[in-house]
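> based on what follows, work out the 3D shape:
(chains A and B)
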Number of protein chains: 2
Amino acid sequence: MVDIASRVYNHKWKIDPIVRSLIDTDFYKLLMCQSIFRNKPDTNVKFSLINRTKAIRLAELIDEGELREQLDYARSLKLTRGESTWLRGNTFYGKRQMFRSDFMEWFEGYQLPPYTLEKRDGQYELTFEGPWHEVMLWEIPALAILMELRGRAVLNRMGRFELQVLYARAMTKVWEKIEALRELDDLRIADFGTRRRHSFLWQDWCVQAMLEGLGDISEGGAFTGTSNCLIAMRRDIEAVGTNAHELPMVYAALAESDAELAQAPYKVLADWHEEHEGNLRIILPDTYGTKGFLEHAPDWLAGWTGIRIDSGDPATGAEVAIEWWKARGEDPREKLVIFSDGLTVDKIRELHAQFAGRVKVSFGWGTLLTNDFRGLVPNDALAPFSLVCKAVEANGHPTVKLSDNPEKAMGPEAEIARYKRVFDVGQQQAMKVLV
Amino acid sequence: MVDIASRVYNHKWKIDPIVRSLIDTDFYKLLMCQSIFRNKPDTNVKFSLINRTKAIRLAELIDEGELREQLDYARSLKLTRGESTWLRGNTFYGKRQMFRSDFMEWFEGYQLPPYTLEKRDGQYELTFEGPWHEVMLWEIPALAILMELRGRAVLNRMGRFELQVLYARAMTKVWEKIEALRELDDLRIADFGTRRRHSFLWQDWCVQAMLEGLGDISEGGAFTGTSNCLIAMRRDIEAVGTNAHELPMVYAALAESDAELAQAPYKVLADWHEEHEGNLRIILPDTYGTKGFLEHAPDWLAGWTGIRIDSGDPATGAEVAIEWWKARGEDPREKLVIFSDGLTVDKIRELHAQFAGRVKVSFGWGTLLTNDFRGLVPNDALAPFSLVCKAVEANGHPTVKLSDNPEKAMGPEAEIARYKRVFDVGQQQAMKVLV
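Have a look, this model is predicted:
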């Protein structure tokens, strides 16, 4: 068992890479990468870091030299033989050879492309431009590096035992959550916490604690796996995840007319439908408003395995999905609803109580599993915050995301207005974005 | 930094000795051993384990084979060259060569003598008989072994992460105490927690946490050292302690008349006076009642450096000592009062507030520093309890201890009555014995 406090203490005098593997990333990034590699190989995109918590002035907290050092180190990484073997040979959602040979051959030669880094208004402007399937793999390591460097800046000022006690307190918090979750019958929950984790070692600890505390799904437990491929490989558990907003965002930006724009989110899923089945057929409906998306969805989408609710009021989103399935002649009890937005134990308990039995419920637990250091240091300097890394342009066109929460909307104002019109998005309820 | 939870986890499948060194004992045991070696080399004594917490049925919790294994391992220990060098060469309370050559030569050849072990009424009857200076060194390892085996019986049933979280919670408890103590100006506090510690590694952790959290006395901090020689040696801090009840108890048992009995406690200190000065001249007045002891004390005792309050109401004991010093023409502000009985943070805060400035105050913190696992497991199965190992006979005569708390009295009833008469012990206030 790794002594995290000691390792962090040692960070003080030597460089310790934050990201040490190309598969220290979310499983769905690799799935999407493969899909893009096949379907949109010539698309140029720009990814950009966006700190939605402006009060946290990252450029004042994190040394630029250290940041470059970490980003440069990540660029030096190549897929190892063991990692390649695992990706090629492992079973994902019961299916072998999830990753095709042409994709794996490309990935085996891959390195993260160059980045552009500038400081502006106390924030870092960190961008990545190039072929979509090349730059999109920066998202998770870039976020993980920024989150961890910000944490280290605080930890560096702490004594050895103070550090150990900090981790003791954080462990206790995680364990108390696990003890609370253990009370819920037929719970299904996975780790989705890579991007905004406190650190790799900490995420690894949290995953193992979940595994021991809740039990593995394969042995009748509640823990269904982790989105992190490296941890899944090392701990011999399921790698989980399906697809994200970047697919409809880029497809939409590439649309050449309003009519094409309106169809873009369905085109994404048509491509996905062709490639995947079962647990990978999970609808992410909120990019341009869940309600309109479902109303205008083709019938074949109702046959998909489930839906992921990632913004807006989650209970409302799930009720909308249930009504939609019923209207399309599907039995909601056969459908999977995955909640993955800003989950706390109370929220999980509440959603579980409301939906268990009515649909198959599952939770993708992110930041508040792997980075809940709230209340543990003065000024709450380790509390998680809302950092994202998004595709902001595709072939020169700006991307837009609306989601079911106007606080999460992004893109140029005029484009947001156009998307709202095209996707018939009415009044939306604003909700505070915690992480 | 040792990962305690991992180590404990590993205990499950291999033998892991609880006591690994002859100097994993209290410093004052070695000081007393030397004194006995010189002054009472021909005294035969019997030491016996006494579990004052009858509800904890040790013989049902601890496997006899495991207990014998640990005791036998302790018997195999000999002083190592490094330990001998440290005892011979180190400075204790500013003085070199605290241990004389003849004593060190004897100690270098020493091994713990045989023991007798039987089960009765759910308890272990563990006794050690022989020359006083030989058997008296069993006290601390015997207690540490019993305490730790009882803990292991509980820990053995726990999972790996459950264990780590247990220690995380215990660390947090210790650290919160340290944070509270940090608020007290001019605090002086030492670790006295060897005998009833949770484990060696845990005591070592607590000592280091105190060192970091309170600062070393040599650098202006509040932490004055540890009673544990092995930890003092390894962590390069002060070994502290002076003398204990066993000296007056055995001296008293050897007395051949009531008049000699009445003088026995002073004879102990006369022998000690000859050998030691400064911080080692600390009166332990409560063996047969503090009040009578001080009233009848010779004047030279008032010149000693201080007093240790180890039973009864500590504030009352300290007030009695202050009045006594005043009556003997001494300035209490120049005197040291060491509190060492059942200390909690609240009690330390209270005593500090009442006595700081009026005397030099110091604390010897034992069980509730190194074994406060209260409330951390079901049925409080790791809560500390009141286990002691005492001289019960000397040259065939039973020993008696009264102390300032009738709950702590020990010895045959008729002898207790005789001692109460000889030492003029009036009404005593009973206080619950926690540890």
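> flag every residue of chain A that's near chain B.
A:1-3, A:5-6, A:9, A:159-162, A:164-165, A:167-169, A:171-172, A:175, A:208-209, A:212-213 (Cβ under 8 Å from any Cβ of the partner chain). For the C-beta atoms, the positions are set from N, CA and C on the backbone; glycine is no exception.
> now a PyMOL select for only the buried ones of those.
To isolate the buried subset of the residues of chain A next to chain B in PyMOL, counting by 16 or more other Cβ atoms under 10 Å in any protein chain shown, use the following:
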select buried, chain A and resi 3+5+6+9+160+161+162+164+165+167+168+169+171+172+175+208+209+212+213
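> quick one: the strands in the stretch 51-200 of chain A?
A:116-120, A:123-131, A:189-191 (DSSP state E, counting those that start in this stretch).
> got the ones you listed as CSV, with mean pLDDT and mean neighbour count columns?
Formatted as CSV, the strands of the stretch 51-200 of chain A follow (pLDDT from 0 to 100; neighbours: other Cβ atoms under 10 Å in any protein chain shown):
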stretch, mean pLDDT, mean neighbour count
strand A:116-120, 97, 11
strand A:123-131, 98, 18
strand A:189-191, 98, 27
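> columns distance to B:Cys33 on top of those, output as CSV?
Output for those, formatted as CSV (distance: least, Cβ to Cβ, whole Å):
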stretch, distance to B:Cys33
strand A:116-120, 67
strand A:123-131, 65
strand A:189-191, 56
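> which of those strands sits closest to B:Ala259?
strand A:189-191 (77.4 Å; Cβ to Cβ).
> could you say what helices and strands the closest one packs with?
Secondary-structure packing of strand A:189-191 (3 or more Cβ pairs under 8 Å, 6 or more residues apart in numbering or on different chains; DSSP states H and E): helix A:200-214, strand A:223-226, strand A:360-365.
> take the residues of chain A next to chain B and keep only those in helices.
Judged by DSSP state H, the residues of chain A next to chain B include A:5-6, A:9, A:160-162, A:164-165, A:167-169, A:171-172, A:175, A:208-209, A:212-213 as members of helices.
> which residues does A:Asp341 contact?
Counting by Cβ atoms under 8 Å, 6 or more residues apart in numbering or on different chains, A:Asp341 makes contact with A:309-312, A:314.
> out of these, which are buried?
A:309-312, A:314.
> redo these as CSV? Include secondary structure and pLDDT.
Shown next, in CSV, are those (DSSP: H, G, I helix; E, B strand; the rest coil; pLDDT from 0 to 100):
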residue, secondary structure, pLDDT
A:Ile309, strand, 97
A:Asp310, coil, 94
A:Ser311, coil, 93
A:Gly312, coil, 93
A:Pro314, helix, 96
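> report the contact partners of A:Trp324.
Counted by Cβ under 8 Å, 6+ apart, A:Trp324 has contacts A:294-295, A:297, A:302.
> what's the pLDDT at A:Arg7?
pLDDT for A:Arg7: 64.
> oh, I was asking about A:His276
91.
> and it, how many neighbours does it have?
20 (other Cβ atoms under 10 Å in any protein chain shown).
> how close does A:Thr127 get to A:Tyr110?
19 Å (Cβ to Cβ, to the nearest Å).
> can you give me the helices for the stretch 151-300 of chain A?
Here the stretch 151-300 of chain A has its helices, by DSSP state H, counting those that start in this stretch, at A:160-181, A:200-214, A:229-235, A:246-254, A:258-275, A:290-295, A:299-302.
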